[in-house]
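Visitor: Quick one, what's the 3D model for this:
(chains A and B)
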There are 2 protein chains.
Amino acid sequence: MKNYKILEIKESVFEDNNKQADLLRAEMKKDKTFLLNLMSSPGSGKTTTLVRTIDALKSTFNMGIMEADIDSDVDAKTIDETGVNVIQLHTGGMCHLDADMTRQGLDGLSAKGMDLVILENVGNLVCPAEFDTGATKNVMILSVPEGDDKPLKYPLMFTIVDVVLINKIDMLPYFDFDMNAVRERAEKLNPNVKVIPISARTGEGIAEWSEWLKNEVTKWQSEEN
Amino acid sequence: MKNYKILEIKESVFEDNNKQADLLRAEMKKDKTFLLNLMSSPGSGKTTTLVRTIDALKSTFNMGIMEADIDSDVDAKTIDETGVNVIQLHTGGMCHLDADMTRQGLDGLSAKGMDLVILENVGNLVCPAEFDTGATKNVMILSVPEGDDKPLKYPLMFTIVDVVLINKIDMLPYFDFDMNAVRERAEKLNPNVKVIPISARTGEGIAEWSEWLKNEVTKWQSEEN
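Guide: Residues are numbered from 1 along each chain as shown, chains lettered A, B, ... in the order given. Next comes the predicted model:
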């Protein structure tokens, strides 16, 4: 049985996205709802990582998931099986979400009262980095098969995120991927970035990642407005 | 020694990209220069596939390569080692090239008189599909680690290409990737698409791919304007 809806997002009419993003963040802070914006290339394992994250945190937090894609509801279907609230957002061809589009998604999900909402952004290392969604924290996934040169080629994405999850580390023996080089390249762009190697498939590293997220949500909820 | 230049592409001023693309294609036809537009996600193996393609065809054709990226010259450096002419294009943050940007690249490369120019587009499955570059043929790479659901999620890209190269097939034993499902999904969107499984690492499938390209270039050069 399908327990999720598909929402066709309307293009935003606001000129100043940064202002809309700050507004949304302030409202979410008041509601004590933490919004995580998860970004990556197509096929780096966002949805599988999400399923692991849901398993680790769904007994602690009231969670909701927004799956953004150009088309299809493949990901919402997968998330629906975990039992958490999920909505599929269709971006009408757009390769990113901005703050107003994110707000439409939150309304569609009925996110009010939730502790943690995760937005799985469109698979893309360029455009999503350019638009503040209003998220509390921004996280990206780089998977081992994509290669260790990605911080050199997509520097903005690595600059704006709080955490880089290096996924598919169970595949390290089969690829020429230098973990230290990635770490150095990411930290050069973004000295405060946290790099966490994981395998969404085997579960390795998920404890460290979900512990980080749990602490951030708790901190956000307990801080004064 | 560095034998390539880095060109900062200017944003296009033309309103009608399709018209500019048709114009460029007509000019290239007259010059008998075949332009291939190669697209994919970040890290699917565009550059490694290019190196294999160059090795297979450089004795037959006078070739040139345009490497488009947001930043860095990692790829131009790699291609430079093959000995063919190469130029690195920086898109100034833009996630695609349009026809005018492609024209700037061709001028920078001094492509006049070449038989075959390959444009390695920015790593992205969304925006590059929306802009006709003026290419003679469009090809995409989908790599095995990205997953077999990509035609469902990025349908436009699969609709506009002439060939889908399925790369990293040497990794098939380690990933849950259904080749028949991809083929069916791609052909449903695009009944004329040609799907060629390859491994740029081992060289498997490169003969079939370079044979296809060789025939297309020869046909293009021998056809009347």
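
Visitor: Reduced to three states, what does the most centrally placed residue in chain A come out as?
Guide: In chain A, the centroid-proximal residue (CA atoms, centre = their mean) is A:Leu38; its distance is 1.2 Å. Classification of A:Leu38 by DSSP: H, G, I helix; E, B strand; the rest coil places it in strand.

Visitor: quick one: contacts for it?
Guide: Counting by CB atoms under 8 Å, 6 or more residues apart in numbering or on different chains, A:Leu38 touches A:46, A:49-50, A:118-121, A:139-141. No exception for glycine: its C-beta is placed from N, CA and C like everyone else's.

Visitor: Output the set of residues of chain A in proximity to chain B.
Guide: For chain A, the residues in contact with chain B (CB under 8 Å from any CB of the partner chain) are A:41-44, A:69-72, A:74, A:93, A:95, A:122-127, A:130, A:143, A:145-147, A:149-150, A:152-156, A:168, A:171, A:174.

Visitor: List the buried residues for the helix ranked longest in chain A?
Guide: Looking across chain A with DSSP state H, the single longest helix is helix A:206-222. Buried residues in helix A:206-222, counting neighbours by 16 or more other CB atoms under 10 Å in any protein chain shown, are found at A:206, A:209-210, A:212-214, A:216-217, A:220.

Visitor: Take those and write them to TSV, including pLDDT and distance to A:Val193.
Guide: As requested, those are exported to TSV (pLDDT from 0 to 100; distance: CB to CB, whole Å):
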residue	pLDDT	distance to A:Val193
A:Ile206	98	19
A:Trp209	98	14
A:Ser210	98	18
A:Trp212	98	12
A:Leu213	98	15
A:Lys214	98	19
A:Glu216	98	14
A:Val217	98	19
A:Trp220	95	19
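
Visitor: Using CSV, lay out those together with distance to A:Asp80.
Guide: Listed next are the buried residues of helix A:206-222 as CSV, based on distance: CB to CB, whole Å:
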residue, distance to A:Asp80
A:Ile206, 20
A:Trp209, 22
A:Ser210, 20
A:Trp212, 26
A:Leu213, 21
A:Lys214, 23
A:Glu216, 25
A:Val217, 22
A:Trp220, 26
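
Visitor: Tell me who's in contact with the closest residue in space to A:Gly83 that isn't next to it in sequence.
Guide: Nearest non-adjacent residue to A:Gly83, counting by CB to CB, 6 or more residues apart in numbering or on different chains: A:Lys58, 7.4 Å away. Neighbour list for A:Lys58: A:82-84 [criterion: CB under 8 Å, 6+ apart].

Visitor: Give me the helices and strands touching the longest helix of chain A, please.
Guide: Packing contacts for helix A:206-222, counted by 3 or more CB pairs under 8 Å, 6 or more residues apart in numbering or on different chains; DSSP states H and E, involve strand A:34-40, helix A:46-57, strand A:163-167, strand A:194-197.

Visitor: Give the other helices and strands that the second one contacts.
Guide: Using 3+ CB pairs under 8 Å, 6+ apart as the contact test, the elements touching helix A:46-57 are strand A:34-40, strand A:63-69, helix A:74-80, strand A:116-120, helix A:206-222.

Visitor: how about a cut-off of 6 Å?
Guide: Applying 3 or more CB pairs under 6 Å, 6 or more residues apart in numbering or on different chains; DSSP states H and E, we find helix A:46-57 packed against helix A:206-222.

Visitor: My guess is A:Ala129 contacts A:Phe158. True?
Guide: No - using CB atoms under 6 Å, A:Ala129 is not in contact with A:Phe158; the gap is 8.6 Å.
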